[in-house]
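Participant: Let's see this in three dimensions:
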Amino acid sequence: MASTFSQRLFGLRAKVLQRYEHGPFVRCLSGLYGCRWRHYERSGGQPGDCCCSKLEGASFALLVVAFCLTLLFLYFWGQAENDYNDFDWFNFGHLGFWFPWSVVLLVISAGFFTYVTVLMLLAVCLLSEGQKLHLHWSHKVTVLSSVK
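Facilitator: Got it, this is the predicted structure:
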């Protein structure tokens, strides 16, 4: 009687403690972050290893800087709401035609901020899964253009 109870308890404990692999989730993250859909390999290292190469570390640092700068620009441009009309009149005086450039600038800055934020979230998720970072070159160019 006691042995069947302990076997059931052990079986229940094993089901509760069962660890699931996050392979498809990590593959999706790696594909979105670095466009590595087919060539996915578990690139996790041992504890204490560096998370990525020097180039990828610099790319991650650039991503963090781009996140901070786009957040700062979006905040200040959102707070400059009273000056939108003056900005549009200034452009009208120089260009000769009226166009709501303030709204265009707001939409572009919000788009860059959203893009960089998604990349930051993907990078943090990959790092939390113990994966090495491999940012695709097109993402690097877009992040670099968002900083400029």
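
Participant: now the helices for the protein?
Facilitator: Using DSSP state H, the helices of the chain run over 2-16, 23-34, 54-79, 84-95, 101-128, 137-147.

Participant: worst average pLDDT in the ones you listed?
Facilitator: The minimum mean pLDDT among these belongs to helix 2-16 (a mean of 60).

Participant: Please verify my assumption that Trp101 contacts Asp86.
Facilitator: No - between Trp101 and Asp86 there is no contact under Cβ atoms under 8 Å: 11.3 Å. C-beta here means a position set from N, CA and C on the backbone, and glycine is covered the same way.

Participant: So those two - more neighbours on which side?
Facilitator: More neighbours surround Trp101 than the other of Trp101 and Asp86, with 15 against 11 (other Cβ atoms under 10 Å).

Participant: so how far is Phe113 from the nearest residue to the more buried one once chain neighbours are set aside?
Facilitator: Closest residue in space to Trp101, ignoring its immediate chain neighbours: Asn91 at 4.9 Å, by Cβ to Cβ, 6 or more residues apart in numbering. Separation of Asn91 from Phe113 (Cβ to Cβ, to the nearest Å): 22 Å.
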